[in-house]
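Visitor: Compute the structure for the input listed below.
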Amino acid sequence: AGVCVLLFIIYLRRLKRKPQQALVRSTDSSKRIVVNKEFFIKLWGLMKRCMFKNKVPHYFVLFNFLLVFRTILSIYISGIKGKIVKAVISSNQRSFFKQMGNLGLMAIPGSITNSLLDYLQNIIALNMRKGLVSNLNSKYVKGKTAYQLLNIDSRLENPDQVLTEDIHKWTLALADFYSD
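Guide: Numbering: from 1, shown residues only. Predicted coordinates:
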């Protein structure tokens, strides 16, 4: 995940050097989605608003540490499983039960680590949501823009609820994207 962030920063720097080029994906001849320098600049601004608020970088450091720990634990558990297979093939009951005990003992820190990762993922999403909501509230709700929109255009019901729900889904997806 850290590599993805590094590649994203390198990509942004290269865009500054090159003339503006656009990647165009066409779903329909009338609708075109353009991913260009402006898109990435706006995305970076959005990420700054939600990522660098409320101790989110501190949580990411702890999250990365737990991911590395889980990887090391998975490698160790794979070694234990290999020893279990070796004990089964050689019909060594003592070694088999010893390795099964080791596997059971390693399940405890494994499940704690996975639970902590899930918890931290939700905390990261919550804190990103806090940063983004406070920014959007200061821009859109402060002047009662959402309520003015409701009075002007009746096609959109509960714009504040739609905005809140979209922010919730986006931050959960972003936190989940990082963990995968």
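Visitor: only C-alpha atoms for contact and neighbour calcs from this point on.
Guide: Will do.
Visitor: tally of neighbours for residue 119?
Guide: By the measure other CA atoms under 10 Å, the count of residues near residue 119 is 13.
Visitor: Quick check: it vs residue 134, distance?
Guide: As judged by CA to CA, to the nearest Å, residue 119 and residue 134 stand 23 Å apart.
Visitor: same deal with residue 61?
Guide: From residue 61 over to residue 134 the distance is 24 Å, taken as CA to CA.
Visitor: go on, residue 84?
Guide: 53 Å.
Visitor: Between those two, point out the one with more neighbours.
Guide: residue 84 (22 against 13).
Visitor: so what's the backbone phi/psi at the more buried one?
Guide: For residue 84, the backbone dihedrals (degrees, to the nearest 10) come out as phi -60, psi -40.
Visitor: contacting residues around it?
Guide: Residues in contact with residue 84 (CA atoms under 8 Å, 6 or more residues apart in numbering) are 95, 96, 99, 100.
Visitor: out of the residues you listed, who's nearest residue 130?
Guide: Taking CA to CA as the measure, residue 130 lies nearest residue 100 of these, at 44.7 Å.
Visitor: Please name the spatially closest residue to that closest one (chain neighbours excluded).
Guide: Residue nearest to residue 100 in three dimensions, not counting chain neighbours: residue 84, with 7.0 Å by CA to CA, 6 or more residues apart in numbering.
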